[in-house]
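Undergrad: Next one to model:
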Amino acid sequence: MAVKTGSPAMALVKGGRGLAYDVAAYESRDQVMIIPAVTITLAGTALTPGQETEVLVPLPGLRPNADVKAIRATLWVLPGQAATQEPSTVRVREGAGAERTFAIAADPRPGLSNVSIRLAPGEVFWSRSGVLEPGDHPIPVDFAAQVNAYLDATAHHEGTVSLRFLIRTDTPGQVLIRFGQLVFTLLQTQTWPNDLDGTLRADRNLTLGHHSEVRLPLSVIAPLDGHPPALARIVMEVSGRFGPERSLEDTGRPAGEFCTLDVDHALARGLVLDPAGLPAGGVRCTGFSIHLRQSGEAELYAELQPDAGQGDLLSAPATGPPLTKANVVLAAPPDGTGQPAERVVSVRFDEPTELRAGLPYWLVIKGVRGAAQAGLRASADVSPGPVLEERLRINRGGRMWKQVRRGGDDRTRARMSLIYVPGPDDGRAALDVAVDTGDPAAGPFRALADPGARPETLAIALGGVTAPDGAVLVVRSNAAGECTIAGVIQEYAPADGAP
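TA: Numbering: from 1, shown residues only. Okay, the predicted model is just below:
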């Protein structure tokens, strides 16, 4: 959703009350009702019988961006003289006797009759037929949902939230509303400015490939009473459209080193898939992804080979016909400066091939023209996954394959992953959404999602951490496609620790 400041569409943003920290966005909700500040009075509000009467009640402590979890209230019917009823005239004649006239009036019971209560502009959330006598009458329902809807539809600029009740009764009287239980968190709804057209956006549209990573900084939450707020969770809506293929592995963190791929240098990655991690006994491999650095146009050739040996151990790539192959032309970096640029490239094989778990295979990548460099990662970054065993070899134009080493480490890995078509038992989620709070020791805070055309709600619990410099939403993909992140809401606890 893209909304210009001042557009009525801003009123439709989910969790609009969470925009209270952003004056421009909050005030642009020009379909909302402006609620003035009021003072507490013990005189009560006089009700007009037969119609709704506005009762505006301040609620100290509640903020305009609150998300109320529980709220209870009591309706106090003030004592007062019951309304007198005008007497009715009745004429009675007995037989042929003279007609006699009687004045009849009933003594009404004090209190209110047939009461209903709602929060404007919502529906009635509690009603009571019969008479409510003077005194306290606890409202027996929790109307937190109605308060949240009310806060989304109103604007409060005086610091104290006032609830606008509409009370209907068939008889006159005076009432006060007093609050008891109140539990809430505070919301901060994310918007992103678009400097090109002066709009505020409540969503971000992302185009993702295999192993894409997008970082979306979130607005810094203001201190509460001088204390950094504790983040309880971040909620968002995710929708998208992704292809059926998934990355089998994580590419890990970079080691800051690269391996050259050109006409004189070829790279071979040997691997054995773990039978314990693949219920189907293998995968249908359609390609691979690789982290590359390049400064100009290049062309690569890749092929999948069985191992040259006869057993289940990795030795060297075979020299016969490949299981499948691919050519890929890599365009030069778009900036045109000739400076090296890094990206993840997905390569599709000419034909898919079945890889069986427990058997050794080699993915061989050769330079055809130009040059590129394959990213490496340290052995310490290798985490348990679908690859049981892995080796990395390099060929410098001869027949011998040599180990790729970083110092004395012969377990250096390439930042690569197989791409496969998942079955019913080995599918990976398309998206891995995480929250970076700036504290490496905190977390991990993440959630997985396979979004479709219909938005789904994704919630990431944070457990009360703080992010003084602002949290960052990190979207990583295991598939290629498009997604929309919308309605991102940070939810945090008040400074006093409630709820």
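Undergrad: Go through stretch 441-459 and flag the buried ones.
TA: Residues of stretch 441-459 classed as buried: 442, 445, 447, 449-451, 455, 458 (neighbour count, 16 or more other CB atoms under 10 Å). Bear in mind the C-beta positions are built from the backbone N, C-alpha and C, glycine included.
Undergrad: For stretch 143-158, give me every contacting residue.
TA: 11, 15-17, 20, 26-27, 29, 32-37, 64-71, 73, 118-122, 125-126, 161-164 (CB atoms under 8 Å, 6 or more residues apart in numbering).
Undergrad: among those residues, which ones are buried?
TA: Buried among the contacts of stretch 143-158 (16+ other CB under 10 Å): 11, 15-17, 20, 26-27, 29, 32, 35, 64-68, 71, 73, 118-120, 125, 161-164.
Undergrad: Look up the closest residue to Asp142, ignoring the ones flanking it.
TA: Nearest residue to Asp142 in three dimensions, chain neighbours excluded: Ala70, at 5.6 Å (CB to CB, 6 or more residues apart in numbering).
Undergrad: Also Tyr420?
TA: Nearest non-adjacent residue to Tyr420 (CB to CB, 6+ apart): Val283, at 4.1 Å.
Undergrad: Report the contact partners of the one you found.
TA: 248, 273, 354-355, 386, 418, 420-421, 426.
Undergrad: switch to 7 Å and redo it
TA: Contact partners of Val283, counting by CB atoms under 7 Å, 6 or more residues apart in numbering, are 248, 273, 355, 418, 420.
Undergrad: how much space between it and Val421?
TA: Applying CB to CB, to the nearest Å, one obtains 8 Å for the distance of Val283 from Val421.
Undergrad: Give me the subset of the buried residues of stretch 441-459 that lies in strands.
TA: Among the buried residues of stretch 441-459, DSSP state E puts 447, 449, 458 in strands.
Undergrad: wait, which of those is closest to Ala480?
TA: Nearest to Ala480 among those is Ala449, at 15.3 Å by CB to CB.
Undergrad: which residues does the spatially closest residue to that closest one that is not a sequence neighbour bridge with?
TA: Excluding the flanking residues, the one nearest Ala449 by CB to CB, 6+ apart is Leu431, at 4.5 Å. Beta-bridge pairing for Leu431 (DSSP bridges): Ala449, Ser477.
Undergrad: shouldn't Leu359 be in contact with Leu313?
TA: No. Applying CB atoms under 7 Å, one finds Leu359 not in contact with Leu313, separated by 10.3 Å.
Undergrad: Could you check the helix or strand Pro58 falls within and say which residues are buried?
TA: Using DSSP states H and E, Pro58 sits within strand 52-59. Applying a neighbour-count criterion of 16+ other CB under 10 Å, one finds 52-53, 55, 57-59 buried in strand 52-59.
Undergrad: Name the strands paired with the following helix or strand past that strand and say parallel or antiparallel.
TA: Sequence-wise, the next helix or strand downstream of strand 52-59 (DSSP H and E) is strand 66-77. As defined by DSSP bridges, the strand partners of strand 66-77 come to strand 135-138 (antiparallel), strand 173-189 (antiparallel).
Undergrad: who touches the shortest one?
TA: Where contact means CB under 7 Å, 6+ apart, the residues beyond strand 135-138 that reach it are 74-77.
Undergrad: Rebuild those residues as a markdown table, extending it with neighbour count, pLDDT and distance to Ile177.
TA: Below are the contacts of strand 135-138 laid out as a markdown table (neighbours: other CB atoms under 10 Å; pLDDT from 0 to 100; distance: CB to CB, whole Å):
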| residue | neighbour count | pLDDT | distance to Ile177 |
| --- | --- | --- | --- |
| Thr74 | 14 | 95 | 7 |
| Leu75 | 22 | 95 | 6 |
| Trp76 | 17 | 94 | 7 |
| Val77 | 23 | 94 | 11 |
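Undergrad: Dump those residues to JSON lines, plus distance to Leu208.
TA: Below are the contacts of strand 135-138 laid out as JSON lines (distance: CB to CB, whole Å):
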{"residue": "Thr74", "distance to Leu208": "53"}
{"residue": "Leu75", "distance to Leu208": "54"}
{"residue": "Trp76", "distance to Leu208": "57"}
{"residue": "Val77", "distance to Leu208": "60"}
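Undergrad: And the residues you listed, which two are furthest apart?
TA: Thr74 and Val77, at 10.2 Å, using CB to CB across those.
Undergrad: what sits against Leu186?
TA: Going by CB under 7 Å, 6+ apart, the list of residues near Leu186 reads 63, 65-66, 492, 494.
Undergrad: Repeat that for Leu355.
TA: If you count contacts by CB under 7 Å, 6+ apart, Leu355 has them with 273, 282-283, 285, 361.
Undergrad: In strands, which of the buried ones among the contacts of stretch 143-158 appear?
TA: 35, 66-68, 71, 73, 118-119, 125, 161-164.
Undergrad: Could you work out the most separated pair of those?
TA: Asp67 and Arg118 (20.3 Å).
Undergrad: so which strand or helix has the closest residue to Val263 other than its chain neighbours?
TA: Take Val263 and drop its neighbours on the chain: the residue closest to it by CB to CB, 6+ apart is Gly367, 5.0 Å away. Under the criterion of DSSP H and E, Gly367 resides in strand 360-369.
Undergrad: hang on, the earlier thing: how many residues are close by the residue nearest to Ala449?
TA: If you count neighbours by other CB atoms under 10 Å, Leu431 ends up with 25.
Undergrad: swap in Glu237?
TA: Quick note: Glu237 (other CB under 10 Å) scores 19 neighbours.
Undergrad: Ala486 is in contact with that one, correct?
TA: Yes. Look at Glu237 against Ala486 with CB under 7 Å: they come within range, at 4.8 Å.
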